[in-house]
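> could you work out the structure for the sequence below:
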Amino acid sequence: MDTLRALADQAIRRVLLGLVLGIVVIMAGLAQAPLLALQSGALLTAALWLILWGLALSVPRRDLRGTQLWRQLSTLAGGRAARLRGHEGHRQLAAILAERLMWHADRAGMAALSLGGITLLAFGYRALRP
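Numbering: from 1, shown residues only. So this is what the prediction gives:
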């Protein structure tokens, strides 16, 4: 189980690294307008949360044999994928992947709320500044 969780986290974080890097580059590109950069970061991170949440909900209905996680499992875990064949193995792998996607979605949601809160504070400070 711990191997499955570690492999699922690794696969998810590899994809998230590229997406987060894209969000950071967009925010850095908008550095001349800091409020717009914060607002864009909050909205893009909220979109990332929504995508992760939707993926987590759709995992039990998907065939996972073509996924990166399945390939990693079959090559790195010494044939452990062979033991996960059948309906029970698919259900077990889907449950772990959905759990890890939800965990990452929660963190993305917290980041989006944090960026949104900072944006609101910055807008409030700007409005109250003489």
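
> okay, and the helix or strand of this protein with the least pLDDT?
Using mean pLDDT, DSSP states H and E, the weakest-scoring helix or strand in the chain turns out to be helix 80-83, at a mean of 57.

> next structured bit after that one?
helix 86-128 (DSSP states H and E).

> and that next one, what other elements does it pack with?
With contacts defined as 3 or more Cβ pairs under 8 Å, 6 or more residues apart in numbering; DSSP states H and E, helix 86-128 has these neighbours: helix 2-29, helix 34-58, helix 68-76. Heads up, the C-betas are built off the backbone N, CA and C, glycines and all.

> quick one: average confidence on it?
Confidence for helix 86-128, expressed as mean pLDDT, is 89.

> just checking the distance from it to the centre of its chain.
Centroid separation for helix 86-128 versus its chain: 7 Å, with Cα atoms, centre = their mean, to the nearest Å.

> give me the number of residues near His104?
22 (other Cβ atoms under 10 Å).

> then Arg14?
Arg14 - counted by other Cβ under 10 Å - has 11 other residues nearby.

> need the per-residue pLDDT for the residue nearest to it when sequence neighbours are not counted.
Spatial nearest neighbour of Arg14, chain neighbours left out: Gln68 (7.8 Å); criterion: Cβ to Cβ, 6 or more residues apart in numbering. Note for Gln68: predicted pLDDT of 72.
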